[in-house]
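[1] Mind folding the following:
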Amino acid sequence: MYKRILVATDGSKLSQKAVEHALSLADLTGAEVVALKVVPRYPQTYFEGGVTLAASEVARIEKQWQTEAMDAVNAVKAAGQLMEVKVKPVTAKGDLIAEAIIATAKKQKCDLIVMASHGRRGIKRLLLGSETQQVLTHSHTPVLVLR
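    This next block holds a predicted model:
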């Protein structure tokens, strides 16, 4: 059925639900899991008149983000090993998370994307946005959304 399942994670409790489902589905179908965490390209300040960061500070922050991302995807790999499911940990840099998820799914030849959604509606969805909605709208790969 599925050969390669991409699961998007940020290490949060909500994304853990997506990870558990992706691993269970992979176990049932014999699929490989690609665990993905998207990392922003560089720190941005949104405050008017904000101070720009020194290059060394930018490098430190980017390194910290990459380390945290690897910790999140390696946690998925460890959970997969307990279930005897092959997990490939992957990080991607991008300011548009949904775009990075879709691009990684295509690059890794995934045939399913699994992700969690907060289930926001109305004004909260407009103000906070929805990466899941963007993936659902623009992906040619099937998407399984968990709430």
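[2] need the helices for this structure, in chain order.
    With helices called from DSSP state H, the chain shows them at 13-29, 55-82, 97-107, 122-128, 131-138.
[3] May I see those helices organised as JSON lines, with mean pLDDT added?
    Converted to JSON lines, the helices of the chain look like this (pLDDT from 0 to 100):
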{"stretch": "helix 13-29", "mean pLDDT": "95"}
{"stretch": "helix 55-82", "mean pLDDT": "93"}
{"stretch": "helix 97-107", "mean pLDDT": "97"}
{"stretch": "helix 122-128", "mean pLDDT": "48"}
{"stretch": "helix 131-138", "mean pLDDT": "90"}
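[4] So which of these is nearest residue 38?
    Proximity to residue 38 (C-beta to C-beta) singles out helix 97-107 among these, at 4.4 Å. In this view, the C-beta of every residue, glycine as well, is placed from N, C-alpha and C.
[5] The closest one packs against which elements?
    strand 4-8, strand 32-39, strand 87-93, strand 112-116, helix 131-138 (3 or more C-beta pairs under 8 Å, 6 or more residues apart in numbering; DSSP states H and E).
[6] switch to 10 Å and redo it
    strand 4-8, strand 32-39, strand 87-93, strand 112-116, helix 131-138, strand 143-146 (3 or more C-beta pairs under 10 Å, 6 or more residues apart in numbering; DSSP states H and E).
[7] want to throw these into TSV with mean neighbour count and distance to residue 75?
    Shown next, in TSV, are the helices and strands packed on helix 97-107 (neighbours: other C-beta atoms under 10 Å; distance: least, C-beta to C-beta, whole Å):
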stretch	mean neighbour count	distance to residue 75
strand 4-8	25	12
strand 32-39	24	8
strand 87-93	18	9
strand 112-116	25	15
helix 131-138	17	20
strand 143-146	16	18
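[8] any chance of those in TSV, plus distance to residue 62?
    What follows is the helices and strands packed on helix 97-107, written out as TSV (distance: least, C-beta to C-beta, whole Å):
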stretch	distance to residue 62
strand 4-8	20
strand 32-39	8
strand 87-93	9
strand 112-116	24
helix 131-138	21
strand 143-146	29
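[9] ok, of the ones you listed, where does mean pLDDT dip lowest?
    Mean pLDDT across these is lowest at helix 131-138; the value there is a mean of 90.
[10] how much space between the closest residue to residue 18 other than its chain neighbours and residue 147?
    By the measure of C-beta to C-beta, 6 or more residues apart in numbering, the closest residue to residue 18 outside its immediate chain neighbours is residue 116, 4.2 Å from it. Per C-beta to C-beta, to the nearest Å, residue 116 is found 7 Å from residue 147.
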